[in-house]
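Undergrad: generate coordinates for the sequence data below:
(one chain, ligands or ions: 1)
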Amino acid sequence: MTTSNTFSPTARTVAVGTTVTWRNDGNTSHNVTWDDAAGRNAALQGDGTSDIADFASGVSHTRLFNTAGVYGFHCTIHPGMNGTLTVQ
Ligand SMILES: [Cu+2]
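TA: Numbers count the residues shown, from 1 in each chain. Predicted structure coming up:
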């Protein structure tokens, strides 16, 4: 879900109960950091919980979402690299 220094798509909507995958298709490391506690708390066990720490090109990580809401996230390495996940 990351290409160069953007999230692609920048906004995605999924059903409650969906496991979402972030895949790094770029050439540099990225992370997925929730903008607030709602996102951190909603990102349940995939291959980890809450924020996704820096991960390298070619690597994927997953989180499960069982709570409806609109959750903003960003990469702390790259200013302006933002995304929104809507769970409904
Ligand atoms: Cu990044």
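Undergrad: which residues in this structure form helices?
TA: 37-42 (DSSP state H).
Undergrad: what residues does the protein have near the ion?
TA: For the chain, the residues in contact with the ion (CB under 5 Å from the ion) are His30, Cys75, Ile77, His78, Met81. No exception for glycine: its C-beta is placed from N, CA and C like everyone else's.
Undergrad: so where's this protein uncertain?
TA: 1-4 (pLDDT under 70).
Undergrad: quick check: nearest residue in space to the residue most central in space within the chain, chain neighbours excluded?
TA: Nearest to the mean C-alpha position of the chain, by CA atoms, centre = their mean, lies Val32 at 4.7 Å. In this structure, Val32 finds its nearest non-sequential neighbour in Ile52, 3.9 Å apart by CB to CB, 6 or more residues apart in numbering.
Undergrad: and Gln88, by the same measure?
TA: Ala68 (5.3 Å).
Undergrad: from the ion, how far out is that neighbour?
TA: Look at Ala68 and the ion: by CB to the ion, to the nearest Å, they are 27 Å apart.
Undergrad: if anything else comes up later, I'll come back, but that's it for now.
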